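A.B. asks: quick one, what's the 3D model for this:
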Amino acid sequence: MAEAPLLVFDFDGVLVDGMAEYWWSARRAALALCPSCQLPEQAPPGFAQLRPLIHKGWEMVLAALELSRADLNLTAYLASYDQKLKQALARWHLSPQSLQSSLEELRNEAIRDNPRAWLELHRPYPGVIHRLQQLSAEASPWMVLTTKGGAFAHELLKAYGLQPAALYGHEQGSKPEVLLQLSRRQERALWFVEDRRPTLETVRRTAGLEAVRCFLVSWGYLAPGDREHLPSGISLLEPERFAEPLAHWP
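C.D. replies: Alright, predicted model coming up:
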């Protein structure tokens with residue numbers, strides 16, 4: 001019988017829907033940096049549109065700052081996100097490091113002052129916790145690889161009673177870098193489950209990761225068209241198939 005693969009899961013958008021927390025934290029971090037900004041309590045539609053493009057936490061804070069601009073052209077922003085990101089950093093005279101620090105300080109305060117309220121801003125996707133518990137019971141190893149700070153992902157996993165074989169946050173490097181390290185350290189097949197198509201495409205282009213099986217979940221923060229014309233090596237994973245034995249996955 002073939003050895004079970006090592007499953008590596010992204011966190012936000014795959015295991016947990018944290019959209020409410022994203023805006024809650026991004027808004028407060030943005031206001032700490034720019035108290036005069038006008039930002040609504042509830043996430044504006046533009047934030048949900050930008051979310052599939054956001055790769056790292058600091059980008060959420062910058063998105064909140066940009067959404068406070070009355071002259072923001074959201075259509076242009078969506079069409080050339082990477083370029084607009086660089087322009088926004090210059091406009092606000094900020095760095096990714098300062099934005100990330102602001103976000104993580106805010107989250108640390110939230111966890112310290114009212115951990116239950118912070119945890120309740122997150123929702124595990126239906127069936128995910130049960131499926132991960134099944135994997136553990138079946139001796140199918142699984143890990144978490146996220147661009148979220150590892151300490152914050154750990155708090156959430158602990159609250160749900162989940163114990164991955166390992167947890168890698170943004171502190172450990174980029175996702176391709178961590179996957180390369182994993183591929184060199186063990187002999188199991190690697191399966192990577194993610195909701196951000198550009199990340200999967202980067203993994204597929206990375207030398208040394210050609211054998212990694214990549215799955216794009218259908219329930220995450222996908223942009224329009226992300227499910228269509230997937231390149232070789234990336235399969236769409238629907239909830240029904242996710243719940244089935246690994247041998248039935250596409």
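A.B. asks: pull the residues that contact the longest helix anywhere in the chain.
C.D. replies: Counting by DSSP state H, the longest helix found in the chain is helix 96-113. Identification of contacts with helix 96-113 by Cβ atoms under 8 Å, 6 or more residues apart in numbering yields 25-26, 28-29, 32-33, 56-62, 89, 117-118, 149, 152, 155. C-beta: built from backbone N, CA, C; applies to glycine.
A.B. asks: weed out the non-buried ones from those.
C.D. replies: The neighbour-count criterion (16 or more other Cβ atoms under 10 Å) marks 25-26, 28-29, 33, 57-62, 89, 118, 149, 152, 155 among these as buried.
A.B. asks: any idea which of those residues is closest to Val178?
C.D. replies: Val178 has its nearest neighbour among the buried ones among the contacts of helix 96-113 in Gly149, at 14.5 Å by Cβ to Cβ.
A.B. asks: ok, the closest one - contacts?
C.D. replies: 57, 104, 107, 169-171.
A.B. asks: if we use 7 Å, what do you get?
C.D. replies: Contact partners of Gly149, counting by Cβ atoms under 7 Å, 6 or more residues apart in numbering, are 104, 169-170.
A.B. asks: what does Leu31 give?
C.D. replies: Counting by Cβ under 7 Å, 6+ apart, Leu31 touches 37, 39.
A.B. asks: before we move on, the earlier item: name only those of the contacts of Gly149 that count as buried.
C.D. replies: Buried by 16+ other Cβ under 10 Å: 104, 169-170, out of the contacts of Gly149.
A.B. asks: including pLDDT and distance to Gln97, could those go into CSV?
C.D. replies: Listed next are those as CSV, based on pLDDT from 0 to 100; distance: Cβ to Cβ, whole Å:
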residue, pLDDT, distance to Gln97
Glu104, 94, 11
Gly169, 96, 16
His170, 93, 12
